[in-house]
Structure formats: C-alpha cells, structure tokens
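> Next one to model:
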Amino acid sequence: MRKIKIRTRGFEREAELNDSAMANSFYQALPVKGKANRWGDEIYFRVPVKHAPGEAKGVVDEGDVAFWPPGNAFCIFFGPTPVSTEREIRPASEVIILGKIKDDLEVFKWVKDGQEIIIERGD
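The predicted model follows:
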C-alpha cells in the first residue's frame with residue numbers, strides 16, 4: 001500500500017492510496033504544492049496530474065482523498081459540503097477516490113483559504 005503525507009502549517013497527516021490508475025498517476029506526480037480552497041468541510045486545490053481512468057463517485061466518506069476531474073484538483077473530505085445531505089457527503093460533482101486518511105480529521109477544520117498544502121510520498 002502506497003502512502004502519502006499531507007502537510008500544512010501546524011500538522012501532518014498520512015493517507016493510504018488505493019491501487020487505481022488515477023491514484024498511480026497522482027503518486028507519480030508527487031511532490032505537489034497547492035493553496036487550499038475551502039468548500040464546507042472539503043479542501044481542494046489544482047494539481048499538475050494527468051487524468052487517468054477511475055470509477056467516479058458522487059458520494060464520498062469522511063477521510064477520503066480524491067481527484068476532481070473538472071477542476072484537475074486534489075480533494076480532502078473531512079465532513080459535509082454545501083451540497084451534502086444529512087447522511088451523505090457529496091462533492092460538487094463526481095470524483096475519483098484516491099485513498100483514505102486514517103488519522104484525526106478535526107485538524108483540517110483549521111485550514112484557511114490560501115494556506116499552503118504540500119503532498120509528498122510517504123515512507
């Protein structure tokens with residue numbers, strides 16, 4: 001299982017990537033940096049990653065990290081978005097799940113728009 005580190009001011013979290021073609025394309029592009037955009041309890045930012053095939057989903061789980069093809073963006077889901085329902089976390093449009101963050105997600109609530117996020121290969 002491949003791991004990535006998500007770092008920003010004050011904390012670091014680890015995620016495990018799945019074995020999809022899109023997760024592989026993302027892993028090959030690391031390291032990447034971006035400026036956080038908040039949309040409810042989602043953080044996303046553009047990444048220089050080539051889109052690869054993968055199953056697109058309109059509902060995600062807390063802790064999922066994903067690729068959003070329309071925005072060529074990496075997404076971190078840590079709670080409801082503005083279009084979520086009471087029982088489902090929903091992205092703006094379908095995303096390709098790359099993997100999952102296993103640690104505490106609460107720290108992502110403190111990330112502000114424009115804050116730098118760095119994603120690197122894990123150990």
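> just for the chain, where's the confidence low?
Residue ranges of the chain with pLDDT under 70: none are present.
> Now do the SS call for the residue of it most remote from its centre.
What lies farthest from the middle of the chain is E86; by CA atoms, centre = their mean that is 21.2 Å. Each residue gets one of three states, and E86 gets coil by DSSP: H, G, I helix; E, B strand; the rest coil.
> One more: V107?
Here V107 takes the helix state, with states given by three-state DSSP.
> who does the closest residue in space to A73 that isn't next to it in sequence bridge with?
In this structure, A73 finds its nearest non-sequential neighbour in Y44, 4.5 Å apart by CB to CB, 6 or more residues apart in numbering. All C-beta spots, glycine's among them, are computed from the backbone N, C-alpha and C. Legend: beta-bridge partners of Y44 under DSSP bridges are N37, C75.
> how deep is Y44 tucked in, by neighbour count?
24 (other CB atoms under 10 Å).
> K109 contacts F78, doesn't it?
Yes: using CB atoms under 8 Å, K109 is in contact with F78, at 7.1 Å.
> Pick out whichever of those two has more residues nearby.
Between K109 and F78, counted using other CB under 10 Å, the more crowded position is F78 (22 against 11).
> Look up phi and psi at T81.
Here is the backbone geometry of T81 (degrees, to the nearest 10): phi -100, psi 170.
> Excluding chain neighbours, give the residue nearest to it in space.
Per CB to CB, 6+ apart, closest to T81 is G40, 3.9 Å.
> Could you grab the helix/strand/coil label for that neighbour?
G40 ends up coil, using three-state DSSP.
> Distance-wise, check it relative to S25.
Using CB to CB, to the nearest Å, G40 is found at 27 Å from S25.
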